[in-house]
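**Q** Here is a sequence together with a model predicted from it:
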Amino acid sequence: MARNPGRPRSRAGGAAALALIVLLAGCGSVQELDPQEAESHYDAVIADVQAALGHELVHAPATRSFESEGGECLFTSGGYEADGLGAELGVEENWDPVLESLDPVLEEHGFETVDAPRREGAILMIAVEDTYGAELSLGENGMVRIHGARVSAEACEGQ
């Protein structure tokens, strides 16, 4: 269809298209957390994961850190051992009820959900990422780990 030269072009369509492009460009990009917010956010994730698993998660405090890596400041909530869970997760069929209870928690906290564990070497495990780039992993050894959340750079200054 030819444009009517006597009629001015509408810029609304162009502006709407530009706004959509900008919005879509932001989709899938990793967000950044305030360092204090990161600690409380992932502590809440762990509390909810513990409730979903029905096993106490014992934290190894020395595994919590803020580290500079590749020009980014990353927060690692740490490693947690799910007391008594490892024996259950050694059998692939035992993952179904675990994932059924865990998936809503993951989704609530901005993590991907997962349908089944994957084999990494000799270990069955899941690993999912959230909107801050953090990876939550759970292995058949009963270890839960959250690492790699992007936080603002001041948390890593001086390291």
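**A** Perfect, thanks for sending it. Residues are numbered from 1 along each chain as shown.

**Q** Report the contact partners of V144.
**A** I46, V49, L57, G79, Y80, E81, A82, L136, S137, L138 (Cβ atoms under 8 Å, 6 or more residues apart in numbering). The way it works is simple: take the backbone N, C-alpha and C, and place the C-beta from them, glycine included.

**Q** Just the buried residues of those.
**A** I46, V49, L57, G79, Y80, E81, A82, L136, S137, L138 (16 or more other Cβ atoms under 10 Å).

**Q** okay, those in CSV with secondary structure, distance to L89 and pLDDT next?
**A** Shown next, in CSV, are the buried ones among the contacts of V144 (DSSP: H, G, I helix; E, B strand; the rest coil; distance: Cβ to Cβ, whole Å; pLDDT from 0 to 100):
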residue, secondary structure, distance to L89, pLDDT
I46, helix, 17, 97
V49, helix, 14, 96
L57, strand, 14, 94
G79, strand, 16, 96
Y80, strand, 14, 96
E81, strand, 12, 94
A82, strand, 9, 89
L136, strand, 15, 98
S137, strand, 12, 97
L138, strand, 8, 96
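
**Q** looking at it, E108 is touching D48, isn't it?
**A** Yes - between E108 and D48 there is a contact at 7.1 Å, judged by Cβ atoms under 8 Å.

**Q** Between those two, tell me which one has more neighbours.
**A** D48 (16 against 12; other Cβ atoms under 10 Å).

**Q** The more buried one should be in a helix, yeah?
**A** Yes - applying DSSP: H, G, I helix; E, B strand; the rest coil, one finds D48 inside a helix.

**Q** quick one: it and M125, what's the gap?
**A** 19 Å (Cβ to Cβ, to the nearest Å).

**Q** what's the answer for S68, then?
**A** Relative to M125, and taking Cβ to Cβ, S68 is found at 27 Å.

**Q** about what we covered before: widest-spaced pair of the buried ones among the contacts of V144?
**A** Pairwise distances across the buried ones among the contacts of V144 (Cβ to Cβ) peak at 14.7 Å, for the pair E81 and L136.

**Q** quick one: contacts for T76?
**A** Taking Cβ under 8 Å, 6+ apart, one finds T63, R64, S65, F66, E67, R145, I146, H147, G148, A149 in contact with T76.

**Q** can you redo the residues you listed as TSV with secondary structure, distance to E157 and pLDDT?
**A** Formatted as TSV, those follow (three-state DSSP; distance: Cβ to Cβ, whole Å; pLDDT from 0 to 100):
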residue	secondary structure	distance to E157	pLDDT
T63	helix	22	94
R64	coil	18	95
S65	strand	14	95
F66	strand	10	95
E67	strand	12	95
R145	strand	25	97
I146	strand	23	97
H147	strand	20	97
G148	coil	19	97
A149	strand	17	97
